[in-house]
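Trainee: Compute the structure for the input listed below.
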Amino acid sequence: MSKNRVAELKNLRHGKVEEAQKALEGGDNAAYEAAMAEVKKYNGEIEAVENLLAEQGRFDDGDGRMAGLNAGISQKKEERRAANEKETVLASSEYRNAFIKALENKIDFVDGNKRITEETAVLYNALSGIVEEDGGYLVPVDVSNRIIELKRAFTNLEQFVNVENTNVPTGTRVFEKGKAKNVFMTVAESEAIGEIESPKFRQIRYAVDKYGGHMRVPNELLNDNAANLMEYIARWIARYDINTNNKEIKKKLDTLTAKPLVNINDLKQVFNVELDPDISINSIVLTNQSGYNYLDQLEDAMGRGLLQPDLTSKTGNLALGRRVIMLSNNVLPDTNGKAPLYIGWFEEFLTKFNRMGYEMAMTNVGAGAFLTWTTVFRALSRFDYQIFDDEAVVKREVTL
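Mentor: Here you go, the predicted model:
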């Protein structure tokens, strides 16, 4: 018996594993079971040959060389056993079904914190003996990570405003109407102290709306390649969520009255005079590609460009010490040959009342899915945007 026989058996086994995978993807359970039976048979033959080689090497040489060879073969055999188990799990229908079930029940893998429902706990525990520290094979970590990255890949205006989570659908907030500007009066001896102005307040009401949608996916697609399709669906729905938030934020920004901005002095006027000093020091400039390009070509009397590198950030530039954020023209489009610039402290300007975070659920039974053999995905979000301080942001336009 030689190592060539081991290599031959391993090649045969690999072919059967690929055959099982193709049968599973094609929905041919009989062919899948037959191929997996062959895989198990080759596993036994490979183990038997390796055990024989190891025993032969244990006593064939008194100088210890063969003993070392035996130890090395044993270690490699254990590594191959673990790899074979992983390959078997990945090729199984149980793996595919458990992955779909995990998404249906919103199993969350975040920072190693696994929340598992009773319906999937038994299968997960059965597989946990061969999982790795990166989260295991049941729910691939790259899917979870990629969803988060997709949310960041698109410019979400929500990151610039204040977000307040709420447990009720409606509510109010009370704000003062400006600061006290008057002073105390002088009071002569024995003279009555004069009355000063009382503070005035304003009330802001919010009422969350529900936003959502659904899409129907044929189960044939899910059976062919569930993991890849899940990544695509996650990316698609993430775009809807971001676009919806951007649309609602832009509605509030469009309530501002636009004024023209021509040169650097106009921008200085905004920072030095029009915005309160506390607002100005925390301001950013939010514009689109056209507006950014316009600012990038402005120079002072000494020929120095308006935009300067931001040393505190790997990317981005500063305009008079304030961050300049460039958005896509698709997010902030030009209007009548003019590009928008929003300047100010957006967290003070706008608050999002977040009743329910972005949620995605799925079913293959309800919503007509059972009769059409489809899986229905539903995405929901409940929120409301309200302007708190309409003097915290100003709108400017540049003519292109």
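
Trainee: So what's the residue count around residue 339?
Mentor: Look at residue 339: counted by other CB atoms under 10 Å, it has 24 neighbours. C-betas here are computed from N, CA, C, even on glycine.

Trainee: Mark out where each domain of this structure begins and ends.
Mentor: According to automatic domain parsing, the chain comprises the domains 1-91, 97-139, 234-399.

Trainee: Just name the most buried of those.
Mentor: Of all the domains of the chain, domain 234-399 has the most neighbours on average by mean count of other CB atoms under 10 Å, namely a mean of 17.

Trainee: returning to that earlier point: I'd like the domains of the chain laid out as CSV, including mean pLDDT and distance to residue 200.
Mentor: Shown next, in CSV, are those (pLDDT from 0 to 100; distance: least, CB to CB, whole Å):
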stretch, mean pLDDT, distance to residue 200
domain 1-91, 71, 67
domain 97-139, 44, 46
domain 234-399, 90, 15
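
Trainee: Excluding chain neighbours, what is closest to residue 360?
Mentor: Once flanking residues are discounted, residue 360 sits nearest to residue 379: 4.9 Å by CB to CB, 6 or more residues apart in numbering.

Trainee: Helix or strand: which one has residue 206?
Mentor: Assessed by DSSP states H and E, residue 206 sits inside strand 201-207.

Trainee: same question, residue 378
Mentor: Applying DSSP H and E as the criterion places residue 378 in strand 374-387.

Trainee: Indicate which one of the domains of the chain is closest to residue 161.
Mentor: Minimum separation from residue 161 across those (CB to CB) falls at domain 234-399, 4.3 Å.

Trainee: now do the same end-to-end measure for that closest one.
Mentor: One end of domain 234-399 to the other measures 39 Å (CA to CA, to the nearest Å).

Trainee: Work out the gap between it and the centre of the chain.
Mentor: Domain 234-399 sits 19 Å away from the centroid of its parent chain (CA atoms, centre = their mean, to the nearest Å).

Trainee: Mind jotting down where the helices sit in the stretch 201-350 of the chain?
Mentor: Along the stretch 201-350 of the chain, counting by DSSP state H, counting those that start in this stretch, helices occupy 219-224, 226-253, 264-269, 277-281, 289-296, 346-349.

Trainee: Surely residue 285 touches residue 341?
Mentor: Yes - using CB atoms under 8 Å, residue 285 makes contact with residue 341 at a distance of 6.1 Å.

Trainee: Could you check how far residue 282 is from residue 345?
Mentor: Look at residue 282 and residue 345: by CB to CB, to the nearest Å, they are 5 Å apart.

Trainee: Same check on residue 214?
Mentor: In terms of CB to CB, residue 214 sits 38 Å off from residue 345.

Trainee: now do residue 49
Mentor: Computed as CB to CB, the residue 49 to residue 345 distance reads 73 Å.

Trainee: what's the answer for residue 325, then?
Mentor: Relative to residue 345, and taking CB to CB, residue 325 is found at 13 Å.

Trainee: which residues are in contact with both of these two?
Mentor: Counting by CB atoms under 8 Å, 6 or more residues apart in numbering, the common neighbours of residue 325 and residue 345 are residue 284.

Trainee: now stretch 15-32, how far from the centre of its chain.
Mentor: 34 Å.

Trainee: Could you double-check that residue 343 sits in contact with residue 392?
Mentor: No - using CB under 8 Å, residue 343 makes no contact with residue 392, being 10.0 Å away.

Trainee: what touches both of these two?
Mentor: Joint contacts of residue 343 and residue 392 (CB under 8 Å, 6+ apart) are residue 275.

Trainee: now residue 237, nearest residue through space, not along the chain?
Mentor: Closest residue in space to residue 237, ignoring its immediate chain neighbours: residue 379 at 4.8 Å, by CB to CB, 6+ apart.

Trainee: Extract the CA atoms of stretch 304-323 and return them as CSV.
Mentor: Extracted C-alpha coordinates of stretch 304-323, given in CSV (Å, rounded to 0.1, in the frame of the first residue of the first chain):
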residue,chain,number,x,y,z
ARG,A,304,-4.9,80.1,-2.4
GLY,A,305,-7.7,77.6,-3.0
LEU,A,306,-10.7,77.6,-0.7
LEU,A,307,-10.6,73.9,0.0
GLN,A,308,-7.8,72.6,2.1
PRO,A,309,-6.9,69.1,3.3
ASP,A,310,-8.5,67.9,6.5
LEU,A,311,-5.6,66.6,8.6
THR,A,312,-7.9,64.9,11.0
SER,A,313,-9.5,62.7,8.3
LYS,A,314,-8.0,60.3,5.7
THR,A,315,-10.4,61.8,3.1
GLY,A,316,-12.2,65.1,2.8
ASN,A,317,-11.4,68.8,2.8
LEU,A,318,-12.1,71.9,4.8
ALA,A,319,-13.6,75.2,3.8
LEU,A,320,-12.6,78.0,6.3
GLY,A,321,-12.0,75.3,8.9
ARG,A,322,-15.3,73.5,8.3
ARG,A,323,-15.8,70.0,6.8
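
Trainee: So what touches that stretch?
Mentor: With contact meaning CB under 8 Å, 6+ apart, stretch 304-323 is reached by 264, 267-268, 271, 283-285, 295-300, 324-325, 343.

Trainee: And those, which is closest to residue 397?
Mentor: residue 343 (11.4 Å).

Trainee: other SSEs contacting the top helix by length along the chain?
Mentor: Criterion DSSP state H: the longest helix present in the chain is helix 29-59. If you count contacts as 3 or more CB pairs under 8 Å, 6 or more residues apart in numbering; DSSP states H and E, helix 29-59 packs onto helix 3-25, helix 65-90.

Trainee: counting contacts, what elements does the shortest one pack onto?
Mentor: Counting contacts by 3+ CB pairs under 8 Å, 6+ apart, helix 3-25 is packed against helix 29-59.
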